[in-house]
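[1] here's my sequence, what's the structure:
(chains A and B)
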Amino acid sequence: EVQLVESGGGLVQPGGSLRLPCAASGFTFSNYWIHWVRQAPGKGLVWVSRIKYDGVTTNYADFVKGRFTISRDSAKNTVHLEMNNLRAEDTAVYYCVRGAMGFYYFDYWGQGTLVTVSS
Amino acid sequence: QSALTQPASVSGSPGQSIAISCTGTSSDVGAYNYVSWYQQHPGKAPKLMIYDVTNRPSEVSNRFSGSKSGNTASLTISGLQAEDEADYYCNSYTTSSTYIFGTGTKVTVL
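    I've put the predicted structure just below:
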């Protein structure tokens, strides 16, 4: 069974940092892109970032460039989202999402972890 | 562009058909046939309904269908059922190698 389990969410002050791990299981991790998608409370889905199975190729939404870094550890089947200089508008549920192999859509989603940026 | 444009809400009676539009630009929806649609019930993770504009995963009801013309994609739900009441989001791959979601549409079954 494909599973994506996010953790690391919580309350952080503006300007602070947080690192979100996503543990993957039930599939060949090294074959898939992994994405992060976020959803502010009561708002819509927003794509944040993705990392290729090679662990080198990454892409980011413009609003997080220079503040967020995505990485992956193939030995531990884990993807991380490092978030720095957090702002109130970064408050959201962050979903770890698998990109369908060879396609441009998302086929499995984690349950999400809530990040709250507030003083 | 921060998001693809969808109507905020669409409603219909059981058994009716409804359509949800998703308007983008020549840099996203109009650039490729990589539009997908997701259904989200309150408090739940999104679920894939349509991919590559018109393709439906095997586990999704054939009441759901997709299409595209130019920079606008559409999701049609036929034979509307109470369980279809949810939020729906379109998504497109872009020429910048990123992805963009729609603003979301709340579907209400009257």
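[2] what sits against the spatially closest residue to residue B:98 that is not a sequence neighbour?
    Among residues not flanking residue B:98 along the chain, residue A:59 sits closest, at 5.4 Å (C-beta to C-beta, 6 or more residues apart in numbering or on different chains). C-beta coordinates here come from the backbone N, C-alpha and C atoms, glycine included. Contacts here follow C-beta atoms under 8 Å, 6 or more residues apart in numbering or on different chains; on that basis residue A:59 touches A:49, A:50, B:96, B:97, B:98.
[3] mind checking how far the third one is from chain A?
    It stands for residue B:96. Using C-beta to the nearest C-beta, to the nearest Å, residue B:96 is found at 8 Å from chain A.
[4] where does chain B come near chain A, residue by residue?
    Within chain B, the positions near chain A by C-beta under 8 Å from any C-beta of the partner chain are B:3, B:32, B:34, B:36, B:38, B:40, B:45-48, B:51-52, B:87, B:89, B:91, B:93, B:96-104.
[5] three-state assignment of the residue nearest to residue B:98?
    Counting by DSSP: H, G, I helix; E, B strand; the rest coil, the backbone at residue A:59 sits in strand.
[6] enumerate the beta-bridge partners assigned to it.
    residue A:50 (DSSP bridges).
[7] give me the pLDDT value at it.
    For residue A:59, the model assigns a pLDDT of 96.
[8] give the contact list for residue 33.
    You didn't say which chain, so I picked chain A. A:50, A:51, A:52, A:53, A:98, A:99 are the contacts of residue A:33 under C-beta under 8 Å, 6+ apart.
[9] my question was about chain B
    Residues in contact with residue B:33 (C-beta under 8 Å, 6+ apart) are B:52, B:53, B:68.
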